[in-house]
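J.: predicted coordinates and the sequence they were generated for:
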Amino acid sequence: MVNRMTRLWLAAIVALSAIVARAEEPAAFPPFDSAAFDTFVESVRERYRVPGLAVALVHHDKAIVVSGYGKRRFDAAEPVDADTLFALASVTKAFTSALVATYVDEKKLDWDRPLIEDFPELVFKDRYTTRMATPRDLLAHRTGLPAFVGDLFDRTGYDRAEVIRRLRLVEPACSFREHGNYSNLGYFAAGMLAAKVGGSDWESLMQKRLFEPLGMKRATFTYRVDPDDQNVAGSHFSKGESYAVMPWVPQETLAPAGGLAASISDMVPFLRVHLAQGKLGDMEIFSAEAIREMHRPAMVDTPGFTSAPPISSNAGLAFALGWDSYHYRGYEVIEKGGALGGTRTVVSMIPELGVGVAVFANLNLTLAPEAIRAHVLEHFTGGGPSDLQEKIAQTQTKLDAMFAVEPAETKKPGGSPTRPLASYAGEYTSPLYGRFAVSTKNDGLWWTLG
């Protein structure tokens with residue numbers, strides 16, 4: 001059986017072969033037509049039935065598109081514009097990685113120095129992992145932490161110090177550096193590492209070291225979004241031929257994994273600095289080395305059920321630091337996507353061509369952002385005809401089918417409980433989440449956790 005390391009090397013060889021085979025001259029592509037692009041985005045919005053979209057496109061350090069399309073809420077008239085706030089979901093991870101990078105540049109951290117030297121409070125259940133894990137391991141999802149385990153901590157009321165303490169209770173899903181497992185707890189820990197080294201809370205450091213230098217004027221945190229701010233995208237879920245609008249998911253405790261909010265205008269400088277080797281105009285935000293390390297593949301990944309073309313098992317997909325890496329038409333694509341209760345976000349770059357695109361959608365589980373980013377990839381890499389749009393549409397159809405099954409009608413069981421409800425009340429303990437209580441209320445059972 002071919003192991004994962006062999007697969008990573010094979011993917012690298014395939015990607016290198018494609019690069020060598022490509023002509024030395026940059027790919028020729030037609031002039032960019034903004035009006036035609038707007039028409040295409042609107043066609044995608046209609047095809048995928050998305051109430052509102054926001055798109056930013058950067059090329060050669062200049063923003064050539066920064067626009068909103070459609071409406072903030074399906075049941076209101078206000079349009080999405082360049083300043084409309086969207087929840088970034090897991091695109092937040094690229095910012096947490098960037099915050100860590102600022103301390104690597106200052107020699108206060110090192111990508112490959114064991115965490116125990118800088119953050120001894122962070123203890124894993126596996127002793128070897130505790131001794132050897134590094135910031136790179138956290139950011140490349142390769143500590144052995146299981147995928148998505150611990151996400152409930154955001155709803156338990158525990159403070160961040162307690163979550164760090166409880167991380168030692170998490171059973172590993174595999175051996176250290178054996179597999180890549182998408183871990184929000186790992187990114188939370190990376191955010192707390194930055195907070196420890198920076199001597200402040202993660203939010204203050206994010207504001208001071210990234211938002212302000214980059215000029216991200218609307219950027220904030222989902223749990224701090226002002227309810228009186230009218231320019232906020234609603235969180236939409238499809239409901240038959242219409243939509244349901246739900247409150248934002250206000251991630252707070254685990255915010256370093258998915259708790260940022262920003263406008264599409266805010267993403268322009270973030271794209272520019274990544275494409276310009278760490279510089280924003282004459283100001284250096286990161287070293288060129290830090291940018292290379294954040295983009296460099298660090299752990300092989302496997303496409304998931306939401307992965308959309310051109311991502312495939314043959315694209316050399318890997319976890320980088322806060323990003324994913326894959327190849328398309330011989331070019332490396334650096335990308336991060338996010339999905340969180342009624343929102344979908346994608347940020348993609350082709351560093352070699354100086355191209356970056358960010359797409360936000362105010363609809364749950366839609367691949368409209370991937371369709372738009374695929375259009376951008378096709379345009380700037382040149383080449384012949386492509387069937388990416390139809391492949392993405394087919395992927396969306398499969399995704400819709402997965403969630404189209406209506407839950408069976410809930411019926412109360414006949415008869416009475418075998419025991420009085422009061423006999424079920426009491427205190428229980430979860431090895432990971434701790435104490436929870438079951439109590440009787442209004443002829444039913446209620447439970448509280450945290």
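T.: Noted; the coordinates are in hand. Residues are numbered from 1 along each chain as shown.
J.: kindly provide the distance from residue 99 to residue 319.
T.: Residue 99 is 18 Å from residue 319, where distance means Cβ to Cβ, to the nearest Å. C-beta here means a position set from N, CA and C on the backbone, and glycine is covered the same way.
J.: the more surrounded of those two?
T.: Legend: neighbour count by other Cβ atoms under 10 Å for residue 99 and residue 319, higher for residue 99 (23 against 20).
J.: what's the average pLDDT for the helix or strand containing that one?
T.: Using DSSP states H and E, residue 99 sits within helix 92-105. Mean pLDDT, computed over helix 92-105, is 98.
J.: what's the answer for stretch 242-250, then?
T.: Mean predicted lDDT for stretch 242-250 stands at 93.
J.: contact partners for residue 191?
T.: 96, 99, 202, 255-257 (Cβ atoms under 8 Å, 6 or more residues apart in numbering).
J.: what about 6 Å?
T.: Each residue near residue 191 by Cβ atoms under 6 Å, 6 or more residues apart in numbering is listed here: 96, 202, 256.
J.: and it, that one's in a helix?
T.: Yes - using DSSP: H, G, I helix; E, B strand; the rest coil, the assignment for residue 191 is a helix.
J.: name the element the closest residue to it other than its chain neighbours belongs to?
T.: Leaving aside its sequence neighbours, residue 191 sits nearest to residue 256 (Cβ to Cβ, 6 or more residues apart in numbering; 2.5 Å). Element membership for residue 256, per DSSP H and E: helix 255-258.
J.: what comes into contact with that helix?
T.: 89-90, 92, 96, 184, 187-188, 191, 202, 221, 251, 340.
J.: check which helix or strand residue 161 maps to.
T.: helix 160-166.
J.: low pLDDT regions in the stretch 101-250 of the chain?
T.: Applying pLDDT under 70 to the stretch 101-250 of the chain flags no residue at all.
J.: tell me the span between the first and last residue of stretch 44-57.
T.: 16 Å (Cα to Cα, to the nearest Å).
J.: picking up where we left off before, save the contacts of helix 255-258 as TSV, and put in distance to residue 314 and secondary structure too.
T.: Below are the contacts of helix 255-258 laid out as TSV (distance: Cβ to Cβ, whole Å; DSSP: H, G, I helix; E, B strand; the rest coil):
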residue	distance to residue 314	secondary structure
89	27	helix
90	24	helix
92	29	helix
96	30	helix
184	28	helix
187	28	helix
188	33	helix
191	34	helix
202	37	helix
221	38	strand
251	34	coil
340	29	strand
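J.: show me which pair in those is furthest apart.
T.: Pairwise distances across these peak at 17.8 Å for 202 and 340 (criterion: Cβ to Cβ).
J.: picking up where we left off before, taking the contacts of helix 255-258, please make a PyMOL selection of just the buried ones.
T.: The buried residues among the contacts of helix 255-258 can be selected in PyMOL (16 or more other Cβ atoms under 10 Å) with this line:
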select buried, resi 89+90+92+96+184+187+188+191+202+221+251+340
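J.: out of the contacts of helix 255-258, which one sits closest to residue 353?
T.: Using Cβ to Cβ, the shortest approach to residue 353 within those belongs to residue 90, at 24.7 Å.
J.: show the subsequent helix or strand relative to the helix holding residue 99.
T.: Helix 92-105 is succeeded, C-terminally, by helix 115-118 (DSSP H and E).
J.: how far away is residue 85 from residue 391?
T.: 32 Å.
J.: these two: which has the busier surroundings?
T.: Using other Cβ under 10 Å, the more surrounded residue of residue 85 and residue 391 is residue 85, with 24 against 16.
J.: can you tell me, leaving aside adjacent residues, what's nearest to the more buried one?
T.: residue 232 (4.7 Å).
J.: same question, residue 125
T.: residue 168 (5.7 Å).
J.: how about the secondary structure of the one you found?
T.: Relying on three-state DSSP, one would call residue 168 helix.
J.: go ahead and confirm it touches residue 123.
T.: Yes - the criterion here is Cβ atoms under 6 Å, and residue 168 meets it with residue 123 at 4.2 Å.
J.: please say which of these two ends up with more neighbours.
T.: residue 123 (17 against 13).
J.: return the residues in contact with the more buried one.
T.: 130, 168.
J.: for the stretch 301-450 of the chain, give me the ranges with low pLDDT.
T.: Using pLDDT under 70, the stretch 301-450 of the chain drops low at 405-414.
J.: which residues in it form helices?
T.: 368-381, 388-402 (DSSP state H, counting those that start in this stretch).
J.: give me the distance from the first one to the chain's centre.
T.: Okay, so that is helix 368-381. 18 Å (Cα atoms, centre = their mean, to the nearest Å).
J.: if we can go back for a sec, turn the contacts of helix 255-258 into CSV, columns for distance to residue 397.
T.: Below are the contacts of helix 255-258 laid out as CSV (distance: Cβ to Cβ, whole Å):
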residue, distance to residue 397
89, 23
90, 24
92, 29
96, 34
184, 28
187, 31
188, 34
191, 37
202, 39
221, 35
251, 30
340, 23
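J.: which one of the contacts of helix 255-258 is nearest residue 142?
T.: Of the contacts of helix 255-258, the one sitting nearest to residue 142 (Cβ to Cβ) turns out to be residue 187, at 12.6 Å.
J.: name the nearest residue to that closest one, sequence neighbours excluded.
T.: Per Cβ to Cβ, 6+ apart, closest to residue 187 is residue 257, 4.0 Å.
J.: residue 71 versus the one you found, what's the distance?
T.: 29 Å.
J.: the more surrounded of these two?
T.: residue 257 (26 against 20).
J.: next, find the distance separating that one from residue 169.
T.: Counting by Cβ to Cβ, the gap from residue 257 to residue 169 is 18 Å.
J.: what do you get for residue 145?
T.: Taken as Cβ to Cβ, the span from residue 145 to residue 169 is 12 Å.
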